[in-house]
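S.K.: Below is the structure, and that's it, no one-letter string:
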């Protein structure tokens, strides 16, 4: 099928262009949708108003992990005899920033544009808005409007932005969100972090190590409240040992900037001063200005989808929503998984091929419900997949909780002195399968895929017993968990 416009073109004198598939949003999710639909032989265009590669490449995953990698590596090295004195000094901030800049491609997207061209997907830069069924208007940076029409599907992958609370004075202090926290070029002397979730703990870890005095204001009575309690407890201990002031059951009720200083009034009536304040208080969908009202949906809402990512309530099933915007699993890797499925199912439906939509079928995102992996890159690392014990209790399944001290594994002894960690495995006793795993400890990020395979594959424990872990590695924790389960 021939593409009907000039590939990766600038705005031309054309006013209407027709494609098989239009993708609004060119982050990793949109790129994967487009690659799969193009591989299915469908002409495809991506509409992107910022940088191709999106939030993950430039303001989230890549820059945040680049800031954290030297911090975690130094912590690991400090536990290794013979290395510990060599890493006792402060981090070289400018070199850390240079590494962050390089990993973020210096906030330029030419490489992504070249890749898009290599897979024969067109790129139209501008703000795309639905104007009706299968119709999109794109306002270009030059102020022109290009009208696009889709023969088969429009996929929305516009992602999310930081949600800011309605606090008096917030608009006057120029607060940090995750974007400012991952791209700042100067270390603030005092940084206040509002929140206790993943972004909050990762950025508190990074900036404390880079030289800030960090204070965390956490509305709940623990960190990482959506994970197993021991995960938040271990991260709390490590942050406090590093010098972070963590205040639970506390939040900011008003803020104002006095000269170069942010004055923060707390919920207990006291005040706190900081040079910068970061709000890590959740995400909201970027759907307010994409024309949802023209197809009967509410601007600003999350988009409800079925397991093939068709937006519910839309006649003829031409509209898809993929990635964070559908609120199923707000992580890049999960959004890309959704995109691979959505792009494939769009191709199948366009060619009137069978759609395999039974659980774990080619065209459904079953893993969104049962096997979503996540890593928190703190000290220690937290890695989890599947249910937590609280979620399992609410599900009314018969669950056995199996705990093990990771520090007792031979690989932990080799990893470094004074290793602290913990593992938890949840077993569905009726089906004799693993339904949830959480690891907390240095280096555990590399364990999470084995847990994901066990859960997604519904591997019976009797068979998992024959998956022999290498000695001496952290992976030997699997053997210890199974031994503990057997009693």
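M.R.: Alright, I've got the coordinates. Bear in mind that the values here come from a model prediction, so they are computed numbers and not experimental data.
S.K.: Give me the neighbour count for residue 313.
M.R.: 11 (other C-beta atoms under 10 Å). C-beta here means a position set from N, CA and C on the backbone, and glycine is covered the same way.
S.K.: The one 5 residues further on too?
M.R.: Using other C-beta under 10 Å, residue 318 has 20 other residues around it.
S.K.: what's the distance between residue 383 and residue 467?
M.R.: 18 Å (C-beta to C-beta, to the nearest Å).
S.K.: Of these two, give the one with the bigger neighbour count.
M.R.: Between residue 383 and residue 467, counting by other C-beta under 10 Å, residue 383 is the more crowded of the two (27 against 14).
S.K.: For the stretch 351-487 of the chain, which segments are assigned as strands?
M.R.: 374-376, 382-386, 399-405, 422-428, 433-440 (DSSP state E, counting those that start in this stretch).
S.K.: To residue 289, which of the ones you listed lies closest?
M.R.: strand 374-376 (29.7 Å; C-beta to C-beta).
S.K.: by contact count, what packs against that closest one?
M.R.: Here strand 374-376 touches helix 198-210, strand 382-386, going by 3 or more C-beta pairs under 8 Å, 6 or more residues apart in numbering; DSSP states H and E.
S.K.: how near is the residue nearest to residue 406 when sequence neighbours are not counted to residue 381?
M.R.: Nearest residue to residue 406, sequence neighbours excluded (C-beta to C-beta, 6 or more residues apart in numbering): residue 421, at 3.2 Å. From residue 421 across to residue 381, the span is 9 Å (C-beta to C-beta).
S.K.: what's the single longest helix in the protein?
M.R.: helix 332-350 (DSSP state H).
S.K.: hang on, the earlier thing: I'd guessed the residue nearest to residue 406 sits against residue 438; true?
M.R.: No. Applying C-beta atoms under 8 Å, one finds residue 421 not in contact with residue 438, separated by 10.8 Å.
S.K.: ok, back up a step: which one of the strands of the stretch 351-487 of the chain lies nearest to residue 158?
M.R.: strand 374-376 (22.1 Å).
S.K.: Sheet partners, orientation included, of that closest one?
M.R.: strand 382-386 (antiparallel) (DSSP bridges).
S.K.: mind listing what's buried in stretch 443-450?
M.R.: 443-445, 447-448, 450 (16 or more other C-beta atoms under 10 Å).
S.K.: Sorry, wrong one. I was asking about stretch 141-161.
M.R.: The neighbour-count criterion (16+ other C-beta under 10 Å) identifies 146, 148-150, 152-161 as the buried residues of stretch 141-161.
S.K.: got it, and stretch 306-323?
M.R.: 307-311, 314, 318-323.
S.K.: so where's the chain shaky on pLDDT?
M.R.: Judged against pLDDT under 70, the low-scoring parts of the chain cover residues 1-15.
S.K.: Domain parsing of it, as residue ranges.
M.R.: 16-53+109-161+285-367, 170-281, 380-486 (automatic domain parsing).
S.K.: How far does the shortest one stretch from one end to the other?
M.R.: In this case it means domain 380-486. Start and end residues of domain 380-486 are separated by 28 Å (C-alpha to C-alpha, to the nearest Å).
S.K.: tell me what the longest strand seen in the chain is packed against?
M.R.: Ordering each strand of the chain by length in residues (DSSP state E) puts strand 145-156 first. In terms of contacts (3+ C-beta pairs under 8 Å, 6+ apart), strand 145-156 is packed against strand 16-24, helix 28-39, strand 127-132, strand 135-139, strand 319-321, helix 332-350.
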